[in-house]
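Asks: predicted coordinates and the sequence they were generated for:
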Amino acid sequence: MKQLLQSILYKKNILVTGGSGSIGSSLVKKAIIDRAKLIRVFSNDENGLYEMEAEYGNYKNIEYVIGDIQNQEIVSEIVKGIDIVFHAAALKHVDRCELNPLETINVNITGTKNIAKAAKKENISRMIFISTDKAVNPIGVMGATKLLGEKLISAEATHKSKTIFASVRFGNVFQTRGSILPRIEKQISKGGPITLTNPKMKRFFMTKDDAINLIISAATLAKGGETFVLKMPLIRLKDLFDSMKEVLASKYGYKPSQIKTKIIGTRPGEKLIEYLLTKFEMEHVLETKDFFIIPSLNVSRKQISYPNIQKSKNDKLYFENMNTLSKQEILSLLKKLY
């Protein structure tokens, strides 16, 4: 996906929460490339910040702040002097969130509320919230908290504020920390077995570049309260894992046939297939070549206008009848990543 306009980050003061994570650190790299004036990296991961500072020590416009988004006092301080907030801090592992629901609520909902409240108080120009396709018809704690996070952001658009709030909804991001690919590669490196929850399970996937470009497009186009959703390929996990065997087995001295697959069953909070949009959202969604825009239902449609973007005419996209990538298409994709 191509970035729509010249970077909105140029000469801006940027705050990235969860800045030492995979998406957060990629946003920091993007801000460096696009010549942001100030990049403030906020994280509760001390070691992650230490490693980032070692990598980017020559950049004097980067600040590293240790803290927790649940702490309103700290949050109120870190947003001061900022133009754009990218809120990537979250608890995101489905099974961990199921076992720790209260902490997940505190981080993903209360933490998001704290950031939004502080952004509005400081009249920050824009705040972009990172959500997930698990927020669509959620059955687990993580998805439910992300859905409520989206609702909080959308609701802020109805309040009198100089801040523009918007969300982006991700699928699975290839090669991020804790994602599927590194885990499966590690299992292949040990000769297997690969663990698969259910042979019928399907997921939407995107690259890190896709993710960052979607975030920047949202920051550039948002009018207030929208959710931006990338058009992503749907992949059957069994096909993905089988393809990974073909691509990676020889790297570790094995034949693909030697790497077995073990079915371990669906975990709590997991669905066989995720969706990018609800049926209700499909009735209102706007569409570009690369992504959808779900307008805030809390904002008058007369206030919403985007260049060269129209209402979607296809109400069957991204549901059960969507075709998954073929084995050859998956192999082609993996060869670009490895």
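Replies: Yep, it's here. These numbers were taken from a predicted model, which means no experiment stands behind them. Residues are numbered from 1 along each chain as shown.

Asks: pLDDT-wise, which helix or strand of this structure ranks last?
Replies: strand 310-311 (a mean of 69; mean pLDDT, DSSP states H and E).

Asks: mean confidence score for stretch 61-80?
Replies: Stretch 61-80 shows a mean pLDDT of 97.

Asks: need the contact partners of that stretch.
Replies: 15, 17, 28, 32, 36-44, 46, 49, 52-53, 56, 85, 89, 106-107, 110-112, 114-115, 117-119, 121-122, 124 (CB atoms under 8 Å, 6 or more residues apart in numbering). Every residue, glycine included, has its C-beta placed from N, CA and C.

Asks: mark which of the residues you listed are buried, thanks.
Replies: Buried members of the contacts of stretch 61-80, scored by 16 or more other CB atoms under 10 Å, are 15, 17, 28, 32, 36, 38-44, 49, 52, 56, 85, 89, 106-107, 111-112, 114-115, 117-119, 122, 124.

Asks: do you have the strands of the stretch 201-338 of the chain handy? List them.
Replies: 202-206, 227-230, 234-236, 261-263, 286-287, 291-294, 310-311 (DSSP state E, counting those that start in this stretch).

Asks: comparing the ones you listed, which yields the minimum mean pLDDT?
Replies: The bottom spot among these, by mean pLDDT, belongs to strand 310-311, with a mean of 69.

Asks: export the helix or strand hosting Asp95 to PDB, keeping only CA atoms.
Replies: For Asp95, the host element (DSSP states H and E) is helix 94-99. Extracted in PDB, the C-alpha atoms of helix 94-99 (Å, rounded to 0.1, in the frame of the first residue of the first chain):
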ATOM      1  CA  VAL A  94      -5.200 -13.800  23.300                       C
ATOM      2  CA  ASP A  95      -4.500 -16.700  25.700                       C
ATOM      3  CA  ARG A  96      -2.600 -14.400  28.200                       C
ATOM      4  CA  CYS A  97      -5.500 -11.900  28.100                       C
ATOM      5  CA  GLU A  98      -8.000 -14.700  28.800                       C
ATOM      6  CA  LEU A  99      -6.000 -15.700  31.900                       C
END
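
Asks: pLDDT averaged over that helix - what is it?
Replies: On average, helix 94-99 scores 93.

Asks: check which helices and strands it sits against.
Replies: Applying 3 or more CB pairs under 8 Å, 6 or more residues apart in numbering; DSSP states H and E, we find helix 94-99 packed against helix 141-156.

Asks: the helix or strand following the helix it packs on pairs with which strands?
Replies: Next helix or strand after helix 141-156 toward the C-terminus (DSSP H and E): strand 164-170. The pairing partners recorded for strand 164-170 under DSSP bridges are strand 126-132 (parallel), strand 227-230 (parallel).

Asks: what is the neighbour count of Glu283?
Replies: 11 (other CB atoms under 10 Å).

Asks: what's the answer for Ala90, then?
Replies: Around Ala90 there are 25 residues (other CB under 10 Å).

Asks: now for Leu240: which residues touch it?
Replies: 180, 330.

Asks: compute the first-to-last residue distance for stretch 90-97.
Replies: 10 Å (CA to CA, to the nearest Å).

Asks: show me what counts as buried in that stretch.
Replies: Quick answer for stretch 90-97 (16+ other CB under 10 Å): 90-92, 94, 97.

Asks: low-confidence ranges, the chain, go.
Replies: Low-confidence segments of the chain, defined by pLDDT under 70: 1-6, 298-305, 307-308, 310, 312-321.

Asks: about what we covered before: please identify which of the buried residues of stretch 90-97 is nearest to Leu181.
Replies: Lys92 (15.4 Å; CB to CB).

Asks: where's that closest one, which helix or strand?
Replies: Lys92 belongs to no helix or strand, assigned by DSSP H and E.

Asks: find the nearest non-adjacent residue to it, please.
Replies: Counting by CB to CB, 6 or more residues apart in numbering, Lys92 lies nearest to Met142, which is 6.4 Å off, once chain neighbours are set aside.

Asks: what about the one you found, how many residues nearby?
Replies: 24.

Asks: quick revisit: want to try a markdown table for the strands of the stretch 201-338 of the chain, with mean neighbour count and distance to Thr324 as columns?
Replies: Output for the strands of the stretch 201-338 of the chain, formatted as a markdown table (neighbours: other CB atoms under 10 Å; distance: least, CB to CB, whole Å):
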| stretch | mean neighbour count | distance to Thr324 |
| --- | --- | --- |
| strand 202-206 | 21 | 6 |
| strand 227-230 | 25 | 17 |
| strand 234-236 | 20 | 5 |
| strand 261-263 | 13 | 17 |
| strand 286-287 | 17 | 21 |
| strand 291-294 | 24 | 19 |
| strand 310-311 | 10 | 27 |
